[in-house]
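Undergrad: Show me the folded form of this:
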Amino acid sequence: MTIVAPINSGHIKALGRVTANFSMLEFHLNEFTSELISEDIHLGRTILAEVRFLNLTCILRSLYRYRVSNKVYVREFDNLIDEIQNMERERNMVIHSVWYPNPSGEVTRFKKRSTKKGGLKFDVESWDISKIDEVADQIKKLAVRIEQVRNAWIAFNTLQKNFPPITNQYKPS
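TA: Below you'll find the predicted structure:
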């Protein structure tokens, strides 16, 4: 087996941004879901402590639909959750790949996978730092968007001084 030199620090930094931004996204999803479960946020945190990311997004979507009656807001939120779920797939592809330097200054992403219909598959493609940074930036934007919806939820409920029910007056940012 040939030992390959590690990828450069710029690529490592970009991969680290993907990880850090995804952690922030997951944090905001978890906190918002906890708040939709109960006024006692610790109850929600306890319930969700070991929930996988995809399940967390499904629970959040269901609770939002339960708490918000306006169909336009629910549709907008569904679209946001769809984007988040798609981004998780892309993040997993990035983080669960093996990265090798190549002569062009880019890195080669290598991932093996097995599919039901096609059997063993290999993904091999070159990426530059900007492509990894783009994934990190998209994750950060989604984290900001879910935080904005969460903050609007908190503000609305603080003004109402009433946890449920939600009325059609609520509008996410």
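Undergrad: count of residues packed around residue 157?
TA: Neighbourhood size, residue 157 [other CB atoms under 10 Å]: 17. Bear in mind the C-beta positions are built from the backbone N, C-alpha and C, glycine included.
Undergrad: Give the rounded mean pLDDT of the longest helix along the chain.
TA: Ranked by number of residues, the top helix in the chain under DSSP state H is helix 129-160. The predicted model assigns helix 129-160 a mean pLDDT of 91.
Undergrad: can you give me the strands for this structure?
TA: Here the chain has its strands, by DSSP state E, at 98-101, 107-115, 119-127.
Undergrad: sorry, back to before: quick one: the longest helix of the chain to chain centroid distance?
TA: 10 Å (CA atoms, centre = their mean, to the nearest Å).
Undergrad: quick one: it to strand 107-115, angle?
TA: Orientation of helix 129-160 against strand 107-115 (axes from the mean of the first three to the mean of the last three CA atoms, to 10 degrees) gives an angle of 70 degrees.
Undergrad: buried sites along helix 129-160?
TA: Neighbour-count burial for helix 129-160, counted by 16 or more other CB atoms under 10 Å, picks out 129, 132-133, 135-136, 138-140, 142-143, 145-147, 149-150, 153, 156-157.
Undergrad: ok so, going back, mind putting the strands of the chain in TSV, distance to residue 26 and mean neighbour count included?
TA: Converted to TSV, the strands of the chain look like this (distance: least, CB to CB, whole Å; neighbours: other CB atoms under 10 Å):
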stretch	distance to residue 26	mean neighbour count
strand 98-101	22	15
strand 107-115	22	14
strand 119-127	23	11
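Undergrad: Redo these as TSV? Include distance to residue 25.
TA: Shown next, in TSV, are the strands of the chain (distance: least, CB to CB, whole Å):
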stretch	distance to residue 25
strand 98-101	22
strand 107-115	21
strand 119-127	21
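Undergrad: just for this protein, where's the confidence low?
TA: For the chain, residues meeting the criterion pLDDT under 70 lie at 1-5, 159-173.
Undergrad: contacting residues for the residue nearest to residue 154 when sequence neighbours are not counted?
TA: Excluding the flanking residues, the one nearest residue 154 by CB to CB, 6 or more residues apart in numbering is residue 35, at 7.0 Å. Residue 35 makes contacts with 41, 44, 150, 153-154, as judged by CB atoms under 8 Å, 6 or more residues apart in numbering.
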